[in-house]
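**Q** Below are the sequence and a predicted model; questions follow.
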Amino acid sequence: MKDFKKSTIYQIYPKSFKDSNGDGWGDLKGVIEKLPYLKQLGVDYIWLTPFYVSPQNDNGYDIQDYYEIDPRFGTMRDFEKLVFLANQMEIGIMLDMVFNHTSTNHPWFQKALQGDQKYKNYYIFRKGKNGNPPTNWTSKFGGGAWEYVKELDEYYLHLFDKTQADLNWSNPELRQQIYEVVNFWMKKGVQGFRFDVINLISKPENLKDDIEGDGRCFYTDGPTIHQYLKELNQQTFGKNKGIVTVGEMSSTTIDHCVQYTHPKNKELSMVFNFHHLKVDYKKEDKWTLMDFDFLQLKKILNHWQMGMQEGNGWSAVFWCNHDQPRIVSRFGDDKKYHKESAKMLATCIHMFRGTPYIYQGEEIGMTNPYFEQIDEYRDVESINYYHILREKGKDKKEIMKILQTKSRDNSRTPMQWNAKKHGGFTTGTPWIAVSKNFNDINVEKALQDQDSIFYHYQKLIALRKKWDIIAYGEYQPILEEHPTIFAYLRHFKQEKLLVINNFYAKEALFELPLEFKKFNRYQKQILISNYKDSSQEINRIKLRPYESIVY
Ligand code: TEU
């Protein structure tokens, strides 16, 4: 059985990973083809984002059938083969389970629309208020969170797109249906699950207007959330000790995340939170342009590292996923210091207390594509906000700039395998354009260069396996007020780990705080760095652009 604290998890967005049949969509056969590559990288689990039958209004997060694979991704046989071959390589497959909502194409919802009470009760239908929706809540993708159904003269709740109807978890029958889904996939030999926005599933019985906000205060970490997760655990994966689980937690708190992951509570193995990825939002609005606030970033990450440690919870640590722009374009430098900054960012995350996640392409330093036309974008959220910002009178050029840094499509462009047409992703026409820099940034090139970002990630993954301190060490931030350096210590038995990262292209002076001078007496070793000749001396180090060293 694998120890998830010593594991590294690789996220695949199958639609953009590898196309095996030339239809322009990545597929499961494409994933199978690339298993040896992932083995070479050294990852322990692969998390696949949804590939079930779906109208794809939200790229598969709108599920129409939990039990069938969308033919564009392949067949059940392909999936079984993938699980089998991955397990042979000691790679576990983790599936993405979207249980906050289904597609409105789901047969349950279709029956609800026909007025079938049983199925109406699977969702959240309410009467309007004086010709208005039941509450003033807004959808995360823009606009209101309620959609009117004329035939029923009622509204249904959708926290995301209007084709993603929220499920009613207070209905025990619905919960049973969900447990069956999880058990079905467990029988196929999957070794883990990622639960999509799982902290939003518990809504209060009486839905009220949110005077100051968008409604999230009512359903985020909602009233019976811990009860639901305990039940989910007992009825499904809790019966199999080898299963690893991660919950995606939207706008959550440390207190709840400790409860979600404390081993005694028997809810989940670990959780994602996103507070550190909002440090480039002006006034908490994603659709603005702002340089990232480094001190704020450090403060949030240190606060979560300490809080989760004190409460004995466990975090999934990450910079990238399919909803976030590329990290090297965001907090690094995707031009002059591409390699240095990508490696520095990787080290910073992988030495944290928590299980690190790598999103496809991050390991070769893939960048935002900088699309110039709105018709190059595919994501429902980007397209909605394009129109919302236009209506607010923003000029087209500025909106395009915002999308170039904020759109979720920034991470959804196809994986760059080589310098051939479409980066070797497909022989057909890709569903979304490949980033223009695939000649320079691609897997083939990375594998030939011993100094590449790829080998840096490979080394980080191996170090986690070798040194217990990386997985189990205690976290302690240092130089918290330093304007450009992110440094911290880890402690485990007789060992110490000192992690130093310069987050900028400017040189920076690292000075070891007085109370740690005694470390100089320790036997020292550099575990990893992103320059060939990093200082062996830890008292005072003149850090070069984006230099990152682990002692
Ligand atoms: O995302 C949840 C979520 O709220 C955000 O990451 C959201 O995409 C972002 O804040 C918008 O700015 C999950 C999935 O990861 C995402 O792809 C889905 O669209 C969403 O749930 C709905 O299932």
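**A** Received it, and whenever you're ready, just let me know what you need.
**Q** How about the secondary structure of the residue in the chain positioned nearest to the ligand?
**A** For the chain and the ligand, the shortest gap (C-beta to the nearest ligand atom) falls at Tyr61, measuring 3.4 Å. The C-beta positions use only the backbone N, C-alpha and C, and glycine is treated the same way. When classified by DSSP: H, G, I helix; E, B strand; the rest coil, Tyr61 comes out as coil.
**Q** got a list of what it touches?
**A** Taking C-beta atoms under 8 Å, 6 or more residues apart in numbering, we find Tyr61 in contact with Thr49, Pro50, Ser54, Val98, Phe160, Gln164, Asp196.
**Q** need the contact list for Gln523.
**A** When the contact criterion is C-beta under 8 Å, 6+ apart, Gln523 has no partners at all.
**Q** Quick one: name the residues of the stretch 51-200 of the chain near the ligand.
**A** Contact residues, the stretch 51-200 of the chain versus the ligand (C-beta under 6 Å from any ligand atom): Asp58, Tyr61, Val98, Lys140, Phe160, Asp196, Val197.
**Q** again, only using 5 Å
**A** Of all the residues in the stretch 51-200 of the chain, those in contact range of the ligand (C-beta under 5 Å from any ligand atom) are Asp58, Tyr61, Phe160, Asp196, Val197.
**Q** now these as JSON lines including secondary structure and pLDDT?
**A** Formatted as JSON lines, these follow (DSSP: H, G, I helix; E, B strand; the rest coil; pLDDT from 0 to 100):
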{"residue": "Asp58", "secondary structure": "coil", "pLDDT": "97"}
{"residue": "Tyr61", "secondary structure": "coil", "pLDDT": "98"}
{"residue": "Phe160", "secondary structure": "coil", "pLDDT": "98"}
{"residue": "Asp196", "secondary structure": "coil", "pLDDT": "98"}
{"residue": "Val197", "secondary structure": "coil", "pLDDT": "98"}
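**Q** Sort out which of these are buried, if you could.
**A** Among these, those classed as buried by neighbour count (16 or more other C-beta atoms under 10 Å) are Asp58, Tyr61, Phe160, Asp196, Val197.
**Q** would you turn the contacts of Tyr61 into TSV with secondary structure and distance to Asn312?
**A** Below are the contacts of Tyr61 laid out as TSV (DSSP: H, G, I helix; E, B strand; the rest coil; distance: C-beta to C-beta, whole Å):
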residue	secondary structure	distance to Asn312
Thr49	coil	30
Pro50	coil	31
Ser54	coil	38
Val98	coil	29
Phe160	coil	32
Gln164	strand	35
Asp196	coil	25
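**Q** Next, format the residues of the stretch 51-200 of the chain next to the ligand as TSV and append distance to Tyr457.
**A** Below are those laid out as TSV (distance: C-beta to C-beta, whole Å):
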residue	distance to Tyr457
Asp58	29
Tyr61	27
Phe160	32
Asp196	25
Val197	28
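**Q** Need the buried ones from the contacts of Tyr61 selected in PyMOL.
**A** Under the burial definition 16+ other C-beta under 10 Å, those of the contacts of Tyr61 that qualify are selected in PyMOL by:
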select buried, resi 49+50+54+98+160+164+196
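**Q** And the helices in the stretch 201-350 of the chain, which stretches?
**A** Residue ranges of the helices in the stretch 201-350 of the chain, as given by DSSP state H, counting those that start in this stretch, are 216-219, 225-235, 254-261, 294-310, 327-330, 338-350.
**Q** With the stretch 351-500 of the chain instead?
**A** Taking DSSP H, counting those that start in this stretch as the criterion, the stretch 351-500 of the chain carries its helices at 380-391, 396-406, 443-448, 453-466, 468-472.
**Q** Adding mean neighbour count, distance to the ligand and mean pLDDT, write the ones you listed out as CSV.
**A** Shown next, in CSV, are the helices of the stretch 351-500 of the chain (neighbours: other C-beta atoms under 10 Å; distance: least, C-beta to the nearest ligand atom, whole Å; pLDDT from 0 to 100):
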stretch, mean neighbour count, distance to the ligand, mean pLDDT
helix 380-391, 17, 5, 97
helix 396-406, 17, 8, 98
helix 443-448, 16, 24, 98
helix 453-466, 19, 22, 98
helix 468-472, 18, 26, 98
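**Q** Please compute how far stretch 524-536 lies from its chain's middle.
**A** Distance of stretch 524-536 from its chain centroid, counting by C-alpha atoms, centre = their mean, to the nearest Å, is 30 Å.
**Q** Could you tell me the end-to-end distance of it?
**A** 8 Å (C-alpha to C-alpha, to the nearest Å).
**Q** buried sites along that stretch?
**A** Buried residues in stretch 524-536, counted by 16+ other C-beta under 10 Å: Leu527, Ile528, Ser529, Asn530, Ser534, Ser535.
**Q** Going by distance to Thr252, which of those wins?
**A** Within the buried residues of stretch 524-536, distances to Thr252 taken as C-beta to C-beta reach their minimum at Ile528, with 31.3 Å.
**Q** residues in contact with the closest one?
**A** Contacts of Ile528 were listed using C-beta under 8 Å, 6+ apart, and they are Thr347, His456, Lys459, Leu460, Leu463, Ile549, Val550.
**Q** before we move on, back to that, take the buried residues of stretch 524-536 and write them to CSV, including secondary structure, distance to Leu489 and pLDDT.
**A** Formatted as CSV, the buried residues of stretch 524-536 follow (DSSP: H, G, I helix; E, B strand; the rest coil; distance: C-beta to C-beta, whole Å; pLDDT from 0 to 100):
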residue, secondary structure, distance to Leu489, pLDDT
Leu527, coil, 13, 98
Ile528, strand, 16, 98
Ser529, strand, 17, 98
Asn530, coil, 19, 98
Ser534, coil, 17, 96
Ser535, coil, 17, 93
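**Q** Spell out which parts of the stretch 201-350 of the chain neighbour the ligand.
**A** Residues of the stretch 201-350 of the chain found near the ligand, taking C-beta under 5 Å from any ligand atom as the criterion, are Ser250, Asp323.
**Q** ok, now with 6 Å
**A** Taking C-beta under 6 Å from any ligand atom, the part of the stretch 201-350 of the chain that reaches the ligand is made up of Glu248, Ser250, Lys286, His322, Asp323.
**Q** so the last one touches Asn410, yeah?
**A** No. Under the criterion of C-beta atoms under 8 Å, Asp323 makes no contact with Asn410, lying 9.8 Å away.
**Q** more neighbours, these two?
**A** A side-by-side neighbour count of Asp323 and Asn410, using other C-beta atoms under 10 Å, places Asn410 first with 28 against 16.
**Q** Arg175: what's its closest spatial neighbour, skipping adjacent residues?
**A** Spatially, and ignoring its direct neighbours in sequence, Arg175 is nearest to Trp169 (6.2 Å; C-beta to C-beta, 6 or more residues apart in numbering).
**Q** and the gap between that neighbour and Lys278?
**A** Relative to Lys278, Trp169 is positioned 27 Å away (C-beta to C-beta, to the nearest Å).
**Q** These two: which is more packed in?
**A** With other C-beta under 10 Å as the criterion, Trp169 and Lys278 differ in neighbour count, and Trp169 comes out ahead with 24 against 16.
**Q** dump the residue contacts of the more buried one.
**A** Contacts for Trp169 were tallied using C-beta under 8 Å, 6+ apart; they are Arg175, Ile201, Ser202, Lys203, Thr224, Tyr228.
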